[in-house]
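Novice: no sequence for this one, just the structure:
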């Protein structure tokens, strides 16, 4: 049985000048390499897809990182609970290491304008 796929289109709920500033920042990053170190969202010398979008809006004054992983019970039990043997001593914990599409999907600053579920 094939896994279902979901197509989602989102729009950042921000004034035009913020969206423009984010776009200009993103365009200015053209030519930088892909960030294969997913667990370092704060790098600015290389980017992965959601990191670039997040950073562009952050530079424009909007933080789209909803820290979705803090709401995922499986993730919390495995990585973020006080009893986990996988806790990392990095300040802020693992949820501050990366930004994922679910962070945008669950952000109060983003509007869902289209969803299509495919089987």
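Specialist: Okay, I see it. Keep in mind that what you see is a predicted model, and the values were worked out from it rather than measured.

Novice: can you map out the helices along the protein?
Specialist: Taking DSSP state H as the test, the helices found in the chain are 16-28, 49-59, 73-75, 101-105.

Novice: and the longest one, how far out from the chain middle?
Specialist: In other words, helix 16-28. Relative to its parent chain, helix 16-28 has a centroid offset of 17 Å by CA atoms, centre = their mean, to the nearest Å.

Novice: please apply the same query to stretch 34-53.
Specialist: 10 Å.

Novice: and residue 59, how close does it get to residue 100?
Specialist: Using CB to CB, to the nearest Å, residue 59 is found at 19 Å from residue 100. Any C-beta I mention is one placed from the backbone N, CA and C, and that applies to glycine too.

Novice: give me the more crowded residue out of those two.
Specialist: Between residue 59 and residue 100, counted using other CB atoms under 10 Å, the more crowded position is residue 100 (21 against 15).

Novice: confirm for me that the more buried one is in contact with residue 48.
Specialist: No: between residue 100 and residue 48 no contact is recorded; they are 9.9 Å apart, counting by CB atoms under 8 Å.

Novice: could I get the contacting residues of residue 41?
Specialist: Counting by CB atoms under 8 Å, 6 or more residues apart in numbering, residue 41 touches 51, 54-55, 65, 96-99.

Novice: most surrounded residue in those?
Specialist: Among those, the one with the most neighbours (other CB under 10 Å) is residue 99, at 28 neighbours.

Novice: any stretches of the protein with poor pLDDT?
Specialist: Where the chain drops to pLDDT under 70, the residues are 1-3, 68-96, 119.

Novice: which ones are touching residue 48?
Specialist: Counting by CB under 8 Å, 6+ apart, residue 48 makes contact with 34-36, 38.

Novice: which one is residue 61 nearest to, not counting chain neighbours?
Specialist: What sits nearest to residue 61 in space, not counting adjacent residues and going by CB to CB, 6 or more residues apart in numbering, is residue 18, at 6.4 Å.

Novice: many thanks, have a good one.
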